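Asks: got a structure for you, letters missing:
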């Protein structure tokens with residue numbers, strides 16, 4: 001099971017538009033093929049993306065750019081179950097859109 005993951009935002013819209021801000025990660029070993037969030041899914045964690053400078057939307061510092069370009073790290077809590085499938089439920093994007101974009105996700109396990 002993964003220990004953490006890194007999320008890279010779409011670079012031409014850092015901390016804006018449809019980049020993820022608040023989201024849940026769910027896991028399952030046998031999801032319902034109809035796509036429903038039934039009892040086969042377990043919420044692993046809720047995550048919030050953080051803009052280091054705290055500047056308003058549309059304004060970026062060099063630290064914001066560097067942090068986002070390194071891939072923001074999100075750590076799973078200890079004791080989550082092993083799962084085969086992951087599902088993201090987006091609660092909020094940086095721009096308040098009803099769609100998302102991702103550049104890259106990478107999952108890691110630390111031994």
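Replies: Received the coordinates, thanks. As the structure is a prediction and not an experimental result, all values here were calculated from the model. Numbering: from 1, shown residues only.
Asks: near residue 20, how many other residues are there?
Replies: The tally of other residues near residue 20 (other CB atoms under 10 Å) stands at 22. To be clear about C-beta, it is placed using only N, CA and C from the backbone, and glycine gets the same treatment.
Asks: distance of it from residue 81?
Replies: 23 Å (CB to CB, to the nearest Å).
Asks: same check on residue 88?
Replies: Note on residue 88: its distance to residue 81, by CB to CB, is 17 Å.
Asks: more neighbours, these two?
Replies: Taking other CB under 10 Å, residue 88 and residue 81 do not tie; residue 88 has more neighbours (14 against 10).
Asks: what average pLDDT does the helix or strand residue 86 falls within get?
Replies: Remark: residue 86 resides in strand 85-93, with elements defined by DSSP states H and E. On average, the pLDDT along strand 85-93 is 96.
Asks: mind giving me the packing neighbours of that strand?
Replies: Other helices and strands packing on strand 85-93, by 3 or more CB pairs under 8 Å, 6 or more residues apart in numbering; DSSP states H and E, are strand 20-28.
Asks: and the strand it packs on with strand 85-93, angle?
Replies: Comparing the axes of strand 20-28 and strand 85-93 via axes from the mean of the first three to the mean of the last three CA atoms, to 10 degrees yields an angle of 160 degrees.
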